[in-house]
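Colleague: structure here, sequence nowhere to be found:
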């Protein structure tokens, strides 16, 4: 399937900075500190951007949930790249499919629930989450 290839290309790609490159396979998957079945690969951090933004590849295992939460100080941008699920933004449910982009204003409650095949998305934070 084409979406699986996109995820594999991204997971095996490279992050290019002005002064270095980071091979994505060398970057670890980090278990989310609060939500079971949710993992983040930190592609770009605040240390790389003077705190302006961060970018994370997020893997949500099949039927796992990134429960309701709020980022008081960051805007967040989701780009769904593979899988499917439900996105809840300020009590409104929206189906998350590849090609969907979700914009979450700072201070807004949101949740992402993966479907039976799991979900991959890029999550970008302004200013940086970490």
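Modeller: Arrived safely. In this text, all values refer to a predicted model and were calculated from it rather than measured experimentally. Residues are numbered from 1 along each chain as shown.

Colleague: how far does stretch 118-130 sit from the chain's center?
Modeller: 4 Å (Cα atoms, centre = their mean, to the nearest Å).

Colleague: what comes up buried for that stretch?
Modeller: 118, 119, 120, 121, 122, 123, 124, 125, 128, 129 (16 or more other Cβ atoms under 10 Å). C-beta here means a position set from N, CA and C on the backbone, and glycine is covered the same way.

Colleague: likewise stretch 11-23?
Modeller: Those buried within stretch 11-23 under the rule 16+ other Cβ under 10 Å are 15, 22.

Colleague: tell me how far it lies from the chain's centre.
Modeller: Using Cα atoms, centre = their mean, the offset of stretch 11-23 from its chain centre is 18 Å.

Colleague: what sits up against that stretch?
Modeller: For stretch 11-23, contacts defined as Cβ atoms under 8 Å, 6 or more residues apart in numbering pick out 24, 25, 27, 41, 43, 44, 48, 57.

Colleague: same check, this time on stretch 27-46
Modeller: 11, 15, 22, 24, 52-61, 63-67, 69, 114, 122-123, 127-130.

Colleague: give me the subset of these that lies in strands.
Modeller: 15, 22, 54-60, 65-67, 69, 114, 122-123 (DSSP state E).
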